[in-house]
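Undergrad: give me the fold of what follows.
(one chain, ligands or ions: 1)
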Amino acid sequence: MLELDPQTKYLAVLGSPIKQTLSPLIQNHWFKQNKMNCAYLALEVASKDLKVAVEALRAFNFVGFNLTVPLKTEVLPYLNFIDKAAKTIGGVNTVAVRDGKLYGYNTDYLGLDADLKSKNILAKGKNVFIYGAGGAARSVIYVCRKQGAKNIFIANRTYKKAANLANKFHIQAIDRNETERYLESSDIIFNASSCGLNTADFLPFDINQIKKTAFIYDLICLPRTPFVRLAKKRHLKFDTGEGMLVYQGAEAFKIWFGILPDIKGAKKLIKVKQGPSLAGVV
Ligand code: ATR
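TA: As a prediction, the model looks like this:
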């Protein structure tokens, strides 16, 4: 247990549902490691209560907070300042409270970029297929564009949302009937949807056409999503979101405290502690 006293500084992650989050585990580990009198909480906050919650954290002088599903876009109207990348992406996952003002950043894209680079996977010159069209997909698009992807295809359960994102980011929305054709020419396939969070979820497309050399990256931190099962079955290279989670947390830590914490240790900690009950989305 953390020892709290009147000097303890507080941080938190807000979202709904929140019980799956791994962020307190990581951030509190870094506080302990750096002998900081800080505590990081997981707070269940429904969309309708976000305004009040954000105002309360500001009033309580929290150092900062993170936002997860579904609050990354919803928080935007309540912030005093939004960093340029976060504005383009259209989502904030990290807020710093400075002199009573709220500064919003996006470290998800930094986390994904760092994780891909650490694994030597670069979108430069590649065809990228993204499944999902919510907040997470926006960060994936941003990173792939920044890395110089040749083509970015986006598909989603609800086509209209993919079409909207395609329009905003000037990429190509793929209709359900065309999915297999585009998968066939894709080098990196991202699952940026929530498909796989529930055990009953099934793979949203036919997998036979995927290249042998394709890389599957599932942003969900779970060992047995339909995407991971597909990768294993077809002997494809794959990865899940733990690396991105640690890197985005480290970048948030840096925004709050000005130092980059220990990445390696946090990755190990997640591996050891992670069981089905702890799995979650970034
Ligand atoms: P996040 O911020 O994590 O991206 P989100 O904005 O709520 O969360 O987006 C969730 C994405 O996962 C959406 O693209 C959603 O598809 P819809 O637009 O059709 O709702 C997708 N999604 C959620 N559950 C899914 C499932 N079981 N199968 C396929 N896609 C799913």
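
Undergrad: number of nearby residues for the residue in the stretch 1-150 of the chain that the ligand sits nearest to?
TA: Closest approach of the stretch 1-150 of the chain to the ligand (Cβ to the nearest ligand atom) occurs at G134, with a separation of 2.0 Å. The way it works is simple: take the backbone N, C-alpha and C, and place the C-beta from them, glycine included. Residue neighbour count, defined by other Cβ atoms under 10 Å, stands at 19 for G134.

Undergrad: likewise for the one 5 residues further on?
TA: Per other Cβ under 10 Å, the neighbour tally for S139 reads 29.

Undergrad: list the contacts of it.
TA: Counting by Cβ atoms under 8 Å, 6 or more residues apart in numbering, S139 touches 89, 91, 106, 108-109, 112, 192.

Undergrad: now the residues you listed: which count as buried?
TA: 89, 91, 106, 108-109, 112, 192 (16 or more other Cβ atoms under 10 Å).

Undergrad: how about low-confidence regions in the stretch 51-200 of the chain?
TA: In the prediction, the stretch 51-200 of the chain carries no residues with pLDDT under 70.

Undergrad: so which bits of it are right by the ligand?
TA: Counting by Cβ under 6 Å from any ligand atom, the residues of the stretch 51-200 of the chain lying close to the ligand are 69-70, 72, 132-137, 156-158, 161, 193-195.

Undergrad: let's see 5 Å
TA: 69-70, 132-136, 156-158, 161, 193-195 (Cβ under 5 Å from any ligand atom).

Undergrad: select only the buried ones of the residues you listed in PyMOL?
TA: Buried residues among those (16+ other Cβ under 10 Å), as a PyMOL selection:
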select buried, resi 69+70+132+133+134+135+136+156+161+193+194+195
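
Undergrad: need the residues of the stretch 51-200 of the chain next to the ligand in a markdown table (columns: distance to R145).
TA: As requested, these are exported to a markdown table (distance: Cβ to Cβ, whole Å):
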| residue | distance to R145 |
| --- | --- |
| V69 | 23 |
| P70 | 24 |
| G132 | 16 |
| A133 | 15 |
| G134 | 17 |
| G135 | 16 |
| A136 | 15 |
| N156 | 18 |
| R157 | 23 |
| T158 | 22 |
| K161 | 18 |
| S193 | 19 |
| S194 | 23 |
| C195 | 23 |
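
Undergrad: contact partners of the top helix by length along the chain?
TA: The residue-count maximum for a helix in the chain (DSSP state H) belongs to helix 242-257. The contact list for helix 242-257, computed with Cβ under 8 Å, 6+ apart, reads 11, 22-23, 26-27, 30, 36, 63-64, 66, 93-94, 96, 105, 107-108, 110-112, 114-115, 118-119, 219, 221, 259-261, 263, 266-267, 270-271, 274, 282.
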